[in-house]
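Trainee: Build the 3D model from these lines:
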Amino acid sequence: MQTSDEEENFIKITKLVLDIFPKYLRKCFIEQWNKKYPSQPWQSDNASGTFFFNSLPPKVKANKSRQIYMDKLKDGNEQEWDTTTVVYALIDTGLQLVEGSRPKDQRNHPLRISEQIETIRDVRNFVAHASSMLCSPTKFTEILTEIKSKAIDIFDANAVQEIVAIETSQIESQMAVELKKQLEVEKQRNKDFDQLFEYYKEMKEDVKDTKEKVCQVEEKVGEFEEKVGQVEEKVDEMKSDMKALKGQRPRPSKYKVFLAL
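Mentor: Predicted coordinates:
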């Protein structure tokens, strides 16, 4: 199968996303985890995954749109985690394994690890959301330059060598076919996730509308109860007045009684 230069560029970036990025992101995850939890070092097993899950904030656990990641994280075998899953584990779970990112216009060097991870995620998103399997020479150079210069705390010397090797390699036909298959799986999963996210977003809106209506009803009930309370107060006042009047009523004299007879 003959591939164009732009197709080869895209295939090379896909290989980085599927093969190179996860390997070094997993290593980064373990290092950051062990820094935060020195008494619970990562063991790449179900016990580690369970501890990870139990440490998550309740809001993160309850986010059903991320369930696909939760299942992988709870398993605890980080070697099965792809780029998206490791990025999620590092910066989106609320565990603060790395220092938070600054707004892009306020960043300076050296970049924080979270900002370097975001650079990797941007490349992954470029691949997953691409409308075609093409990457211009300009974009290809821009991506490779960013990765090598911005993710320096994630990629060691060996990683840089691997990236350069892919950058300068000739893509074999069989490799292109296999990578395209993997990419289709990644793109489909991304599409499924987007649909799931939209579904839960709609549910969230429905819940919000329902809550607003309930609040309105509760408001009306509150107003009604207030009016009932006012009426009860008036009734109590009237009863009190009537009781007072009854106690003050003059008794008829005995002469009037006699005359009446």
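Trainee: can you pull out the helices in the stretch 1-150 of the chain?
Mentor: Applying DSSP state H, counting those that start in this stretch to the stretch 1-150 of the chain gives helices spanning 5-15, 21-36, 46-55, 58-61, 67-75, 83-91, 113-128, 137-150.
Trainee: Compare these and give me the one nearest residue 161.
Mentor: Nearest to residue 161, of all these, is helix 137-150, at 10.8 Å by C-beta to C-beta. Just so you know, the C-beta spots here come from the backbone N, C-alpha and C atoms, and that holds for glycine as well.
Trainee: chain center to the helix or strand residue 166 falls within: distance?
Mentor: Per DSSP states H and E: residue 166 is located in helix 157-168. Relative to its chain's centre, helix 157-168 lies at 32 Å (C-alpha atoms, centre = their mean, to the nearest Å).
Trainee: can you tell me the average pLDDT over it?
Mentor: The average pLDDT within helix 157-168 is 89.
Trainee: What helices and strands are in contact with that helix?
Mentor: helix 5-15, helix 137-150 (3 or more C-beta pairs under 8 Å, 6 or more residues apart in numbering; DSSP states H and E).
Trainee: With respect to burial, which of these scores highest?
Mentor: helix 5-15 (a mean of 21; mean count of other C-beta atoms under 10 Å).
Trainee: center of the chain, which residue is that?
Mentor: Residue closest to the mean C-alpha point of the chain, counted by C-alpha atoms, centre = their mean, is residue 92 at 6.1 Å.
Trainee: quick one: pLDDT of that residue?
Mentor: Model confidence at residue 92 (pLDDT) stands at 90.
Trainee: what sits against it?
Mentor: Counting by C-beta atoms under 8 Å, 6 or more residues apart in numbering, residue 92 touches residue 66.
Trainee: Distance-wise, check it relative to residue 14.
Mentor: Residue 92 sits 23 Å away from residue 14, going by C-beta to C-beta, to the nearest Å.
Trainee: how close does residue 115 get to residue 101?
Mentor: 5 Å.
Trainee: buried set for stretch 110-124?
Mentor: 111, 113-121, 123-124 (16 or more other C-beta atoms under 10 Å).
Trainee: For residue 40, give me the backbone phi and psi.
Mentor: Residue 40 adopts backbone torsions of phi -130, psi 60, taken as degrees, to the nearest 10.
Trainee: Next, count neighbours for it.
Mentor: As a burial measure, residue 40 scores 14 neighbours (other C-beta atoms under 10 Å).
Trainee: That one and residue 51 touch, don't they?
Mentor: Yes. Contact status for residue 40 versus residue 51: in contact at 5.7 Å, counting by C-beta atoms under 8 Å.
Trainee: so where is the stretch 151-261 of the chain shaky, pLDDT-wise?
Mentor: 172-214, 217, 221-222, 224, 228-229, 231-232, 235-237, 239, 241-261 (pLDDT under 70).
Trainee: Quick check: end-to-end length of stretch 100-109?
Mentor: One end of stretch 100-109 to the other measures 15 Å (C-alpha to C-alpha, to the nearest Å).
Trainee: Please identify the buried residues of it?
Mentor: Quick answer for stretch 100-109 (16+ other C-beta under 10 Å): residue 101.
Trainee: now do stretch 166-173
Mentor: Residues of stretch 166-173 classed as buried: 166-167, 171 (neighbour count, 16+ other C-beta under 10 Å).
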